[in-house]
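Chemist: Kindly return the folded structure for what I paste below:
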Amino acid sequence: MFFDRRAVKGMMDKISRRALSRIGSYVRTVMRNRLKKRGSNYWDSSQPGEPPKRHSGHLHDWTFFAYDNVAQNVVIGPADLRDRRGDNVPEILDRGGYTTITAGRNRGQKKYVAPRPFAGPSLDDAEPKFADFWQDAYAGKTYTR
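Modeler: You can find the predicted model right below:
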């Protein structure tokens, strides 16, 4: 018995695409759900070590996933949301870093923002479901929560 190499490769590409797309979608959902709305106080913010709170909704709304057909992998995360000074805000929130304050009494000062991780913990929270996505993709099933 001989295997049609092209057919087998095509089937595996389809399975990989299906599984990785579902993984990307799920991790994006987990990441978005970690970003809680702020309280009634406008200046209410998260504590260092906790996921950032949503103030404008940009971080929540601009979090995407993309499947790369050539490399057969998926990229998940927020878009490059640079502010007027060129600081990549999602990266500074996730990893910590320095930024310049634009409003209030500290305006113009460079301040350190402690990390408020959301990307890595989201991946860690979603990882136990990855095997289910691969199994369902191989079986041709549609995954439901």
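
Chemist: Where do the strands of this protein begin and end?
Modeler: In the chain, the segments counted as strands under DSSP state E are 63-68, 73-78, 97-100, 110-113.

Chemist: Report the distance from the third one to the chain centre.
Modeler: Remark: strand 97-100 is offset 22 Å from the chain centroid, using CA atoms, centre = their mean, to the nearest Å.

Chemist: Could you do the second one as well?
Modeler: Here strand 73-78 is found 6 Å from its chain centre; the criterion is CA atoms, centre = their mean.

Chemist: Give the pairing partners of that strand; include direction for each.
Modeler: Within its sheet, and counting by DSSP bridges, strand 73-78 is paired with strand 63-68 (antiparallel).

Chemist: What are the buried residues along the strand it pairs with?
Modeler: Residues of strand 63-68 classed as buried by neighbour count (16 or more other CB atoms under 10 Å): T63, F65, Y67. Where C-beta positions appear, they are placed from N, C-alpha and C, glycine not excepted.

Chemist: of all the strands of the chain, which gets the most neighbours per residue?
Modeler: Highest mean neighbour count among the strands of the chain (mean count of other CB atoms under 10 Å): strand 73-78, with a mean of 18.

Chemist: who touches that one?
Modeler: Residues outside strand 73-78 that contact it (CB atoms under 8 Å, 6 or more residues apart in numbering): 20-21, 23-24, 27-28, 31, 59, 62-68, 90, 119, 123.

Chemist: can you rerun that using 7 Å?
Modeler: With contacts defined as CB atoms under 7 Å, 6 or more residues apart in numbering, strand 73-78 is touched by 20-21, 23-24, 27-28, 31, 59, 62-63, 65-68, 90, 119.

Chemist: repeat for stretch 97-110
Modeler: Counting by CB under 7 Å, 6+ apart, the neighbours of stretch 97-110 from elsewhere in the structure are R85, D87, I92, K111, Y112, V113.

Chemist: what do you get for stretch 119-139?
Modeler: Applying CB under 7 Å, 6+ apart, the contact partners of stretch 119-139 are 15, 18-19, 22-23, 26-27, 30-31, 34, 77, 94, 143.
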